[in-house]
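# whatever this is, show me its structure:
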Amino acid sequence: MSDGATQSYIDKWLAVQPQQRIALGFVDPAVRDEHVALAAFEQELIASAYGIREPQVAAAKLQWWAEELSGAAAGGGRHPLTKQLFASERARRVPAALWLAPVLAAMAQLEQGTSSDFAAQFAAARGLHGALAALETAWWFGPEASAEAATRVATLSHLVFALSRLELDAERERLPLPMSRLARHGLSRGQLKTDAPARRDAIRAQLQELATGLRAALALDAPLSTFRGLEGRTALATARGAARAPEPFTELHRRQSRTGPATAIRAWLAARRAGRLG
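Next comes the predicted model:
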């Protein structure tokens, strides 16, 4: 069981992905705490990359993480999550470059603006989320395992979540809708805060493209951790359902926080795939 020092970070991860509470029951108890610690660590890096509005503050936080990870293999680290992760034999099997890669990718994207089109948006997000996926895949399945499916699922799932923050992020440099999508539907930055037919059409088109990508990513014959597999299946169901809804933005929010029997089935399927391809 996780101690009090790490539990607050785990709670933050579960607050963002509540469906993962169901997945915990499908992970081998012998390794569950290790896997949960890594998921919570990933969430801390994501929060540093996206949750801090001042780039200089975010850069300072990420620089701290770079220093922490650089010395963790030798000294065990100072952060509660780092201590738990590097107390595991798994940490020594993961190449040092994979630990630093997400931090470096997060730093590189701090000043990114809105992407020109969907392909450019995916490529921009892939830097950080692909690095996290590569680390996670090496942690769960070994450094030789392919991280391509995990990379695509992680990137596209993030873009589904980013779209749900459309109104909150309308004033930020990096919008969750690419410029070509805004132009095609005649939307200005200011119009992203208000529901209107054009905004609904733009959101629906984005969701349809995300669903297509997620469906293809989940079909790849490459390993996915139980948590990543559930994240991808949930993001796919969310994108599909919201795209069909009369009010896609409202449905996007509703589905992201919903759990139930379907979540348990998705978690079981994710765990079965993790065991089969691991």
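
# from residue 85, how far off is residue 204?
Counting by C-beta to C-beta, to the nearest Å, the gap from residue 204 to residue 85 is 40 Å. C-beta coordinates here come from the backbone N, C-alpha and C atoms, glycine included.

# then residue 144?
From residue 144 to residue 85 the distance is 20 Å (C-beta to C-beta).

# please apply the same query to residue 67.
Residue 67 is 16 Å from residue 85, by C-beta to C-beta.

# please say which of residue 204 and residue 85 ends up with more neighbours.
It is residue 85, of residue 204 and residue 85, that has more neighbours when counted by other C-beta atoms under 10 Å, with 24 against 18.

# and whatever helix or strand the more buried one lives in, what does it pack onto?
Per DSSP states H and E, residue 85 falls inside helix 80-86. Packing partners of helix 80-86 (3 or more C-beta pairs under 8 Å, 6 or more residues apart in numbering; DSSP states H and E): helix 4-16, helix 29-50, helix 55-75.

# and with 10 Å instead?
helix 4-16, helix 29-50, helix 55-75, helix 89-93, helix 96-108 (3 or more C-beta pairs under 10 Å, 6 or more residues apart in numbering; DSSP states H and E).

# tell me the secondary structure at residue 259.
coil (DSSP: H, G, I helix; E, B strand; the rest coil).

# give me the neighbour count for it.
There are 15 residues near residue 259, going by other C-beta under 10 Å.

# correct me if wrong: it contacts residue 19.
Yes. Residue 259 is within contact range of residue 19, at 5.2 Å (criterion: C-beta atoms under 10 Å).

# mutual contacts of the two, please.
The contact sets of residue 259 and residue 19 overlap at 234, 266, 267 (C-beta atoms under 10 Å, 6 or more residues apart in numbering).

# where does this structure dip in pLDDT?
Counting by pLDDT under 70, the chain has low-confidence residues at 1-3, 277-278.

# can you rerun that using 90?
1-5, 52-55, 71-77, 92, 111-112, 171-172, 256-260, 275-278 (pLDDT under 90).

# regarding it, what is its longest helix?
helix 118-141 (DSSP state H).

# helix or strand right after it?
Next along from helix 118-141, by DSSP H and E: helix 148-163.

# still on that earlier bit, list the buried ones in the longest helix of the chain?
118, 121-122, 124-141 (16 or more other C-beta atoms under 10 Å).

# residue 8 touches residue 79, doesn't it?
No. Residue 8 is not in contact with residue 79 according to C-beta under 10 Å; the separation is 11.9 Å.

# I'd like to know how far the nearest residue to residue 55 once chain neighbours are set aside sits from residue 130.
Ranked by C-beta to C-beta, 6 or more residues apart in numbering and with sequence neighbours excluded, the top spatial neighbour of residue 55 is residue 110, at 4.8 Å. Per C-beta to C-beta, residue 110 is found 17 Å from residue 130.

# can you check residue 121 too?
14 Å.

# kindly report the same for residue 275.
Taken as C-beta to C-beta, the span from residue 275 to residue 130 is 24 Å.

# now swap in residue 237 and tell me
23 Å.

# and the closest residue to residue 146 other than its chain neighbours, how many neighbours?
Closest residue in space to residue 146, ignoring its immediate chain neighbours: residue 222 at 4.3 Å, by C-beta to C-beta, 6+ apart. Residues lying near residue 222 (other C-beta under 10 Å) number 18.

# if we can go back for a sec, with distance to residue 54 added, can I get the shared contacts of residue 259 and residue 19 in CSV?
What follows is the shared contacts of residue 259 and residue 19, written out as CSV (distance: C-beta to C-beta, whole Å):
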residue, distance to residue 54
234, 31
266, 37
267, 37
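
# and the residues you listed, which are buried?
The buried subset of the shared contacts of residue 259 and residue 19 - by 16+ other C-beta under 10 Å - is 234, 266, 267.
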